[in-house]
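*Asks:* A structural model of the following input is requested.
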Amino acid sequence: MYIINFIRGFCMALADSVPGVSGGTIAFILGFYDKFINSLSNVISGRKEEKIEAFKFLFKLGIGWVVGFVSSVLFLTSIFDKEIYKISSLFIGFIIFAIPIIIKEEKSSIINKYKNIFFSIIGICIVVLITYFNPVAGSDSAAGMSLDRLTLGLGAYIFVVAMIAISAMVLPGISGSTLLLIFGLYAPIMNAVKEVLKFNFDYLLVCFVFGFGVLFGILITIKGVKYLLSNYRSQTIYLILGLMLGSIYAVFMGPTSLEVPKPPMNLHTFNIIFFIIGGGIILLLQKLKYYLENKN
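*Replies:* Predicted structure coming up:
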C-alpha cells in the first residue's frame, strides 16, 4: 500500500498547488476520503492504537504530498502556466470519470434519497459563486501582495487566510489555492515556499505563520467533516457531488487566475487527449485499489 498512498499524496499535492481543484476532491475521487478524514481526526483525538495506525497512513500519504508539492513549486509551476489548458483538461477527466465511480460506491447513500439533491445544488452554487466572484481573476492584482516585510497585521492576515484555505482544501470541490488567490496570497506564498526551498530563509517566518494557520484550520475542520459523514452521510455525499460538479466550472475558469491571466478554457482550448488520459488515470488507480484490497 506504500506506493499507492505515495501516488495518492502526490496527486493531492498537484491539485492543492494549482487553482481550480482541491486535494480533497482528489482524495474523494481516488476513494480514500473517509480514511483521510478519519486518520486526521484520530491523530488529533484517537486512542493510542488509532493514533499509531493513522500516523502510519498519513506519513505515507505525506511523503507523496511533500514530493508532489515540492515538484510543483520548483518545476511544475511553469508547466502549469504554459500548458494550463492541457492540465485543466486532465483535471476535468479526473472529475468526470470519477463521479460514476463515486455514485456506484456510495449507492446506499444516494439511491432512493433523491430529495437530498438539493444539497448538490447548494454545492454547485458554492463553487460557482466563489469562482465567479473571484475579485482578482483576470486582473493585475492576481500577482498578490508583497511579503517582503512581515508586520503583525500581515502575519495575522496570513494566519487567518491559511486557516480558511486549508479548510477548503480538505473539502472536495472547493480549491484552497483559488481562495488564496482571491485573498491575494497565492503567488506570494508559492514564491515564499520556492525561496525557502532554494535556501533563501528571508521568507521562513512567513512560511511558519502560514503553516501554523494550516494546522489550526485542520483542527477546526476535521471534526466537523467527520461528524457530517457519520451522521448525515447521504446529505454530505450529495453536497460533495455538487461541489465536484461545480469544480468543473472552476477548472474551466482556472486559467483566468494565473499570475499572468489567460482566457477561460473553451471547446477550442479543451484538450481531448489529456481528458482521456485523466480518465485513464482514474480507472487505472481504481483497478490498482481493487487489486490491493483483494490482495490484502
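
*Asks:* what's the helix or strand for residue 12?
*Replies:* In this structure, residue 12 is located in helix 2-16 according to DSSP states H and E.

*Asks:* packing partners for that helix?
*Replies:* With contacts taken as 3 or more Cβ pairs under 8 Å, 6 or more residues apart in numbering; DSSP states H and E, helix 2-16 sits against helix 23-29, helix 48-71, helix 272-295. Where C-beta positions appear, they are placed from N, C-alpha and C, glycine not excepted.

*Asks:* Could you list the residues in contact with it?
*Replies:* Residues from elsewhere that reach helix 2-16 (Cβ atoms under 8 Å, 6 or more residues apart in numbering): 21-23, 25-27, 30, 32, 57, 60-69, 71-72, 76, 91, 169, 176-177, 285, 288-289, 292.

*Asks:* now with 7 Å?
*Replies:* Helix 2-16 is contacted from outside by 21-23, 25-27, 30, 32, 57, 60-65, 67-69, 72, 169, 176-177, 288-289, 292, using Cβ atoms under 7 Å, 6 or more residues apart in numbering.

*Asks:* per-residue pLDDT, residue 76?
*Replies:* We have a pLDDT of 66 for residue 76.

*Asks:* should've said residue 173
*Replies:* Per-residue pLDDT puts residue 173 at 64.

*Asks:* before we move on, what about residue 261?
*Replies:* 78.

*Asks:* how near is it to residue 255?
*Replies:* Distance of residue 261 to residue 255, computed by Cβ to Cβ, to the nearest Å: 7 Å.

*Asks:* more neighbours, those two?
*Replies:* Ranked by neighbour count (other Cβ atoms under 10 Å), residue 261 and residue 255 place residue 255 first, with 25 against 16.

*Asks:* Next, count neighbours for the residue nearest to the more buried one when sequence neighbours are not counted.
*Replies:* Computed as Cβ to Cβ, 6 or more residues apart in numbering, the closest residue to residue 255 that is not its neighbour in sequence is residue 262, at 3.9 Å. The number of residues packed near residue 262 is 15, by other Cβ under 10 Å.

*Asks:* which ones are touching residue 262?
*Replies:* In this structure, residue 262 makes contact with 84, 255-256, judged by Cβ under 7 Å, 6+ apart.

*Asks:* Between these, which sits nearest residue 46?
*Replies:* Residue 46 has its nearest neighbour among those in residue 84, at 40.1 Å by Cβ to Cβ.

*Asks:* now the stretch 151-296 of the chain, which segments are flagged as low pLDDT?
*Replies:* Scanning the stretch 151-296 of the chain for pLDDT under 70 picks out 173-175, 182, 257-259, 292-293, 295-296.

*Asks:* any chance you could map the helices in it?
*Replies:* Secondary structure of the stretch 151-296 of the chain (DSSP state H, counting those that start in this stretch): helices at 152-170, 176-182, 186-197, 204-231, 233-253, 272-295.

*Asks:* Reformat the ones you listed as CSV; add mean neighbour count.
*Replies:* Output for these, formatted as CSV (neighbours: other Cβ atoms under 10 Å):
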stretch, mean neighbour count
helix 152-170, 19
helix 176-182, 25
helix 186-197, 19
helix 204-231, 17
helix 233-253, 23
helix 272-295, 14
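
*Asks:* Great, nothing more from me.
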